[in-house]
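>>> Output the structure for:
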Amino acid sequence: MSAGDLDFARELARASAVASLATLDPDGGPPHASFVTVALDRDLSPLLLLSGLAQHRRNLAADPAAALLMTGEGRGVAAPSDPLAGDRVTVRGRLAVSADPADRARFLARHPEAAGYADFGDFDFFRMAVTAVHLVGGFGRISSFGGADWPPGLAEAEPLRDAEGEIVAHMNEDHGDAVAAYATGLLGRTDGPWRMTGIDPWGIDLRNGGEIARLAFEAPVLTPEGARKSLVALVRKARAGRPPS
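Numbering: from 1, shown residues only. Now for the predicted structure:
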């Protein structure tokens with residue numbers, strides 16, 4: 001197991017807003033593949049919002065085993081001419097219904113459009129207990145990890161985690177221009193009403209309508225003060241590369 005590969009797999013997952021979900025047919029049929037939106041908890045446990053009308057939901061009721069394939073589309077990396085040369089990570093485990101308000105809040109922060117149907121009677125939030133991870137980083141870069149290796153750790157980052165909601169709200173309400181600068185000046189994305197949807201020790205999550213972006217920090221950020229310094233430094237860097245208006 002390579003620590004570099006594990007960190008890369010984590011960033012692929014963090015940069016993913018959608019995934020292919022594989023579940024098992026309860027009648028002994030072939031596996032069922034579907035398309036879902038996904039968010040990640042602080043420990044990188046995948047969070048889903050699933051309808052009881054969907055085949056994958058019926059499959060999970062009989063067998064909670066599942067796998068998620070993610071490609072890190074939020075990195076903004078151009079797709080290779082050969083799709084098999086692209087990066088992807090498969091996270092396997094067991095999915096269970098979650099009534100934790102924190103899971104709901106985290107998912108809806110990353111998928112605000114889901115707020116319109118999250119309270120429908122046939123929808124529930126799910127959380128995956130990860131048991132295995134498989135990374136394919138293009139041709140020739142293949143690594144597998146156990147579920148115990150997947151959480152990123154850094155218990156000393158709890159002050160940042162506790163302040164995440166406040167930081168995100170402050171940036172969106174008072175520094176929307178800075179948030180947009182991260183996306184356009186540092187990630188090369190098009191102009192638009194970019195919003196921050198999350199912050200963790202390794203980077204920030206951004207969204208513009210249906211487009212997502214992930215901006216990684218150069219070094220882990222552990223506290224709200226550390227986050228403030230990093231965000232200020234990043235916006236200065238973003239604006240320094242822009243021509244004067």
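>>> partners of the strand ranked longest in the chain, with directions?
Ranked by number of residues, the top strand in the chain under DSSP state E is strand 123-137. Looking at strand 123-137 with DSSP bridges, its partner strands are strand 46-51 (antiparallel), strand 87-97 (antiparallel), strand 142-146 (antiparallel).
>>> Return the set of buried residues in the first one.
Yep, that's strand 46-51 we're talking about. 46-50 (16 or more other Cβ atoms under 10 Å). The C-beta positions use only the backbone N, C-alpha and C, and glycine is treated the same way.
>>> Counting neighbours, which bits of the next helix or strand along the chain from it end up buried?
Going down the chain from strand 46-51, the next helix or strand is helix 55-62, by DSSP states H and E. For helix 55-62, burial by neighbour count (16+ other Cβ under 10 Å) applies to 56-57, 59-60.
>>> Quick one: list the elements packing against the following helix or strand past helix 55-62.
Per DSSP H and E, the first helix or strand lying C-terminal to helix 55-62 is strand 65-70. Applying 3 or more Cβ pairs under 8 Å, 6 or more residues apart in numbering; DSSP states H and E, one finds that strand 65-70 makes contact with strand 18-23, strand 87-97.
>>> Tell me if I'm right that Ser144 and Leu135 touch.
Yes - the pair Ser144 / Leu135 is scored as a contact, 7.5 Å apart, by Cβ atoms under 8 Å.
>>> Compare those two (neighbour count), which wins?
Leu135 (22 against 13; other Cβ atoms under 10 Å).
>>> By residue count, what's the longest helix in this structure?
helix 224-240 (DSSP state H).
>>> Counting neighbours, which bits of that helix end up buried?
For helix 224-240, using 16+ other Cβ under 10 Å, the buried residues are 224, 226-227, 230-231, 234-235, 238.
>>> Greatest separation within the residues you listed: which pair is it?
Pro224 and Ala238 (20.8 Å; Cβ to Cβ).
>>> lowest-pLDDT helix or strand in the chain?
helix 158-162 (a mean of 85; mean pLDDT, DSSP states H and E).
>>> any idea which of the buried residues of strand 46-51 is closest to Gly72?
After measuring the buried residues of strand 46-51 against Gly72 - Cβ to Cβ - the closest member comes out as Pro46, at 13.6 Å.
>>> What sits closest to that closest one if chain neighbours are left out?
Using Cβ to Cβ, 6 or more residues apart in numbering and skipping the chain neighbours, the partner closest in space to Pro46 is Met128 (4.4 Å).
>>> what pLDDT does the one you found get?
For Met128, the model assigns a pLDDT of 98.
>>> and it, how many neighbours?
26.
>>> Then Arg141?
There are 12 residues near Arg141, going by other Cβ under 10 Å.
>>> Can you give me the separation between it and Val18?
According to Cβ to Cβ, to the nearest Å, Arg141 and Val18 sit 22 Å apart.
>>> do the same with Ile199
For Ile199 relative to Val18 (Cβ to Cβ), the value is 21 Å.
>>> Now do the domain split for the chain, please.
As assigned by automatic domain parsing, the chain contains the domains 3-152, 156-240.
>>> Okay, buried residues for stretch 59-75 please.
Those would be 59-60, 64-75, for stretch 59-75 by 16+ other Cβ under 10 Å.
>>> Quote the end-to-end distance of it.
End-to-end distance of stretch 59-75 (Cα to Cα, to the nearest Å): 32 Å.
>>> Also stretch 45-60?
17 Å.
>>> swap in stretch 151-164?
18 Å.
>>> likewise stretch 39-57?
Start-to-end, stretch 39-57 (Cα to Cα) is 17 Å.
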